[in-house]
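1. Build me a model:
(2 chains)
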2 protein chains.
Amino acid sequence: MSYSVNVVKTFSRNCFIAARVNSEHAEQISDNLVHADLRGIASHGLTRIPIYVERILRGVVKAAPQMKVLTDKGPLKLVDGDNASGAVASCFANALAIRSAKEFGICLVTVRNSNHNGIAAAYTIEMARAGLLGICATNVSKSMAIAGSMVPVLGTNPISFSVPRKGHEPIVLDMASSVVARGKIVEAAKRGDPIPEGWALDSEGQPTTDSVAAEKGVILPFSGVKGSGMALMVDMFSGVLANSLFGALIPNLYSNFTDPQRIGHFFLAIDPHALEDGAAFEDRVETFVGMIKSAKRAAGVDEILLPGEPEMRLEARRRVEGITLPPNVIADLNETAKSLGVPPLDRTKP
Amino acid sequence: MSYSVNVVKTFSRNCFIAARVNSEHAEQISDNLVHADLRGIASHGLTRIPIYVERILRGVVKAAPQMKVLTDKGPLKLVDGDNASGAVASCFANALAIRSAKEFGICLVTVRNSNHNGIAAAYTIEMARAGLLGICATNVSKSMAIAGSMVPVLGTNPISFSVPRKGHEPIVLDMASSVVARGKIVEAAKRGDPIPEGWALDSEGQPTTDSVAAEKGVILPFSGVKGSGMALMVDMFSGVLANSLFGALIPNLYSNFTDPQRIGHFFLAIDPHALEDGAAFEDRVETFVGMIKSAKRAAGVDEILLPGEPEMRLEARRRVEGITLPPNVIADLNETAKSLGVPPLDRTKP
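-> Numbering: from 1, shown residues only, chains lettered A, B, ... in the order given. Below is the predicted model of the structure:
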């Protein structure tokens, strides 16, 4: 079933407002969730509303946080997220990073005591729209092996990079440290299909192509020690640097309703215009883009796409055609809405 | 054949001094090359002396550069490398980044008009030894496809991250954006062995496991769009940001003796002690390390190693046992030495 952006945004906002989140914060969380669905990252879309709401209602995430800047060195700041919803703490930190990068040329805002903050691309796109190069990274609760382990030690810690373009949407890379999204293993297991080598270990720590065995085991980092090292570094530069939790210490999003996740984030913004010849930065980016687009294509490739370009195109289409949600997600959302006294998703509305 | 660190360092320094590089700069270049050989990254070791020297002698790299800071915003600086040897411009920039990070809490030094700068880990290790978290990235001349192309558009642009440890060598990730070093394809072709799927395309743009066909084709990025996107972002944050050359515009190190490479670098240093609770940063790192080291190991794994740990152990061994160089490399080095009037490598010396 397909719903307009307006309908899903209003629905999402109403759910969080019903959970006593103020309207500005409800908007920030909803923007991130809807953005994920628009870009085809269904795992980070509206499907998260029930768990986000449940954590707020149970008090393990604060409905009315008081975020504050604990350290302000100008181009380096530390924010206390005060156990806010991740998107709320992240919007606060990202706005600070953007403002200060314009003042100092560069700014890193590191955040402690936050929660799962949705898709990282949402924040780096904001930086790029403000004319800045951006890097955003975060730790998340454990689900992935470190190279050599057979148990989860690290999250699939994502990192996103963005570059502004003149007259175009930004170039945006947003990648998890795992070889694939865990959802792909779950789906293969449901269908009874095998998975490629290198995706997972079974519960005995042996490599497996059996999706059912993989589901009971652990997902592997991309490219072996590269993804493993990247996940570790993302955690060092976010959780450890901010003195938040890290590695296996982070409580699970879905099963622990007692302990705040205390997730750490990293927001770095750089103003190219602060440098000599920075004014022509966007022109150089277009030269590079032209070089890439006109490169001789491999067999079976119709067009070379920039990082983020497939997602951007899907977003443009879904803004017109609406967002399609699977029946089980709709059922979950309407159940949450009912418990909150919020009107259900209504696909008859524009 | 095996040579002591003293012998190879003196040899290397003598070669560059004979090419009219001053002794401080000769030391910087030699330190990077020897460091690579100590850590088992033979592709970036002494084997590069002949090409580095040739480029200096032909005047395509400056023997006596005048590097300067073009933009100084405090925590953000732009350095003109003045066509110095890459290690020379990089040591200048890295020292600036370290000094200013201690002053401002963070510092990014971006460099234009530089050259091939050896192993990135050498610079991030310096940052970590100064107590800082470090990121170093650089573009290099094209040899890798971007996802979708059948021709090289990007370099195997590396990125390195480092984290300081108390009483231990730093944790250091240093990874190229390619799935493997190109040298592995060359070696497989020499032996007539096949290569795994996903390493390369043949000259027709088709995936191949034939190492000879792969050698004539193009190497692929790690993990498809992830490595491809990472290589692009590294170039955007180094070459494009610094207004240096980028992508396919960078002249080849081995075949173009007319045009300076004009490579761009990125050096970011962060002082954890500038943040609240930063004093205990190293303690948190040790907690994380303990968690990793004690994780249940996968089948056949004796010990879980941190990023950079295998290289660190090899370095410790080679500092005692010396560096082993293959006969063809020794022959090349002694030929270069002869042409410069420098004494050959002497393995009878301590």
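2. Kindly provide the distance from A:Q28 to chain B.
-> Distance, A:Q28 to chain B, by Cβ to the nearest Cβ, to the nearest Å: 25 Å. Bear in mind the C-beta positions are built from the backbone N, C-alpha and C, glycine included.
3. Correction: the previous question concerned A:K102.
-> Counting by Cβ to the nearest Cβ - A:K102 and chain B are separated by 11 Å.
4. I'd like the average pLDDT over stretch A:56-74.
-> What stretch A:56-74 shows for mean pLDDT is 98.
5. Distance across that stretch, terminal residue to terminal residue?
-> 32 Å (Cα to Cα, to the nearest Å).
6. what's the answer for stretch A:265-285, then?
-> The first residue of stretch A:265-285 is 28 Å away from its last residue (Cα to Cα).
7. Quick check: mean pLDDT of it?
-> Computed over stretch A:265-285, the average pLDDT equals 97.
8. what about it, near chain B?
-> Yes. Stretch A:265-285 comes into contact with chain B (Cβ under 8 Å from any Cβ of the partner chain), by way of A:268, A:270-272, A:274-278, A:280-281, A:284-285.
9. Flag every buried residue along that stretch.
-> Of the residues in stretch A:265-285, A:265-272, A:274-275, A:277-278, A:281-282, A:284-285 count as buried by neighbour count, 16 or more other Cβ atoms under 10 Å in any protein chain shown.
10. okay, now A:S203: neighbour count?
-> Close neighbours of A:S203, defined as other Cβ atoms under 10 Å in any protein chain shown, add up to 14.
11. Correct me if wrong: it contacts A:V212.
-> No. Contact between A:S203 and A:V212 fails when scored by Cβ atoms under 8 Å: they sit 10.8 Å apart.
12. if I've got this straight, A:T10 is in a helix?
-> Yes. The assignment for A:T10 is a helix, going by DSSP: H, G, I helix; E, B strand; the rest coil.
13. which residues does A:P170 contact?
-> Shown in contact with A:P170 (Cβ atoms under 8 Å, 6 or more residues apart in numbering or on different chains): A:124-125, A:128-129, A:162-164, A:308.
14. which SS class is it?
-> A:P170 - assigned by three-state DSSP - is strand.
15. Leaving out sequence neighbours, find the closest residue to it.
-> Nearest residue to A:P170 in three dimensions, chain neighbours excluded: A:A128, at 3.3 Å (Cβ to Cβ, 6 or more residues apart in numbering or on different chains).
16. what do you get for A:M175?
-> Residue nearest to A:M175 in three dimensions, not counting chain neighbours: B:K226, with 4.9 Å by Cβ to Cβ, 6+ apart.
17. what's that neighbour in contact with, if anything?
-> By Cβ under 8 Å, 6+ apart, the contact list for B:K226 reads A:175, A:222-223.
18. Tally up the residues packed near the residue nearest to A:P170, please.
-> Neighbours of A:A128 under the rule other Cβ under 10 Å: 23.
19. mind checking which helix or strand it is in?
-> helix A:121-129 (DSSP states H and E).
20. can you give me phi and psi for the residue in the stretch 101-250 of chain A that chain B sits nearest to?
-> Distances between the stretch 101-250 of chain A and chain B by Cβ to the nearest Cβ are smallest at A:G105, namely 3.4 Å. Main-chain dihedrals, A:G105, degrees, to the nearest 10: phi 90, psi -30.
21. That one against A:I270, yeah?
-> Yes. Applying Cβ under 8 Å as the test, A:G105 and A:I270 come out as touching, 7.3 Å apart.
22. Common neighbours of the two, please.
-> Each of B:L76 lies in contact with both A:G105 and A:I270 under the rule Cβ under 8 Å, 6+ apart.
23. circling back to that earlier point, greatest separation within the residues of stretch A:265-285 next to chain B: which pair is it?
-> Spatial extent of the residues of stretch A:265-285 next to chain B (Cβ to Cβ) is set by the pair A:L268 and A:A280 at 22.5 Å.
24. Show the contacting residues for A:A298.
-> Applying Cβ under 8 Å, 6+ apart to A:A298 gives the contacts B:145, B:148-150, B:201, B:205-206.
25. any low-confidence regions in chain A?
-> For chain A, the stretches with pLDDT under 70 are A:350.
26. Just the strands from it, written as ranges.
-> Along chain A, the stretches classed as strands by DSSP state E are A:2-3, A:68-72, A:76-80, A:106-114, A:133-138, A:144-145, A:152-154, A:159-165, A:168-175, A:200-201, A:207-208, A:218-219, A:263-270, A:323-324.
27. returning to that earlier point: and the furthest pair within the buried residues of stretch A:265-285?
-> So for the buried residues of stretch A:265-285, where distance means Cβ to Cβ, the most widely separated pair is A:H265 and A:D277, at 31.7 Å.
28. Can you name the residues that contact the residue nearest the centre of chain A?
-> For chain A, the residue nearest the mean C-alpha position is A:I119 (1.8 Å; Cα atoms, centre = their mean). Contact analysis of A:I119 by Cβ under 8 Å, 6+ apart lists A:32, A:35-36, A:39, A:41, A:44, A:160, A:174.
29. Pretty sure A:N14 sits against A:P343.
-> Yes. Applying Cβ under 8 Å as the test, A:N14 and A:P343 come out as touching, 7.1 Å apart.
30. These two: which is more packed in?
-> Regarding A:N14 and A:P343, a neighbour count based on other Cβ under 10 Å identifies A:N14 as having more, with 17 against 13.
31. so how many other residues sit close to the residue nearest to that one when sequence neighbours are not counted?
-> Of all residues not flanking A:N14 in the chain, A:V342 sits nearest, at 4.5 Å (Cβ to Cβ, 6+ apart). Residues near A:V342, counting by other Cβ under 10 Å, number 22.
32. Then the one 4 residues further on?
-> Here the number of neighbours of A:D346 (other Cβ under 10 Å) works out to 11.
33. With A:P164 instead?
-> Neighbour count of A:P164, defined by other Cβ under 10 Å: 21.
34. same thing with A:T258?
-> 8.
35. Spatially nearest residue to it (excluding sequence neighbours)?
-> Closest to A:T258 by Cβ to Cβ, 6+ apart is A:V60, at 6.7 Å.
36. tell me the contacts of the one you found?
-> Counted by Cβ under 8 Å, 6+ apart, A:V60 has contacts A:256-260.
37. which of those residues are buried?
-> Neighbour-count burial (16+ other Cβ under 10 Å) applied to these gives A:257, A:260.
38. Contacts for stretch A:10-23, please.
-> A:3, A:25-27, A:29-30, A:33-34, A:46, A:49, A:52-53, A:56-57, A:63-64, A:85, A:88, A:333, A:336-337, A:340-345.
39. And stretch A:191-202, by the same measure?
-> A:145, A:150, A:179-180, A:184-185, A:188, A:207-214, A:216-220, B:298.
40. quick one, helices of the stretch 251-350 of chain A?
-> In the stretch 251-350 of chain A, the helices defined using DSSP state H, counting those that start in this stretch lie at A:281-293, A:309-321, A:327-340.
41. Can I get these in JSON lines including distance to B:S100?
-> Formatted as JSON lines, the helices of the stretch 251-350 of chain A follow (distance: least, Cβ to Cβ, whole Å):
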{"stretch": "helix A:281-293", "distance to B:S100": "22"}
{"stretch": "helix A:309-321", "distance to B:S100": "36"}
{"stretch": "helix A:327-340", "distance to B:S100": "49"}
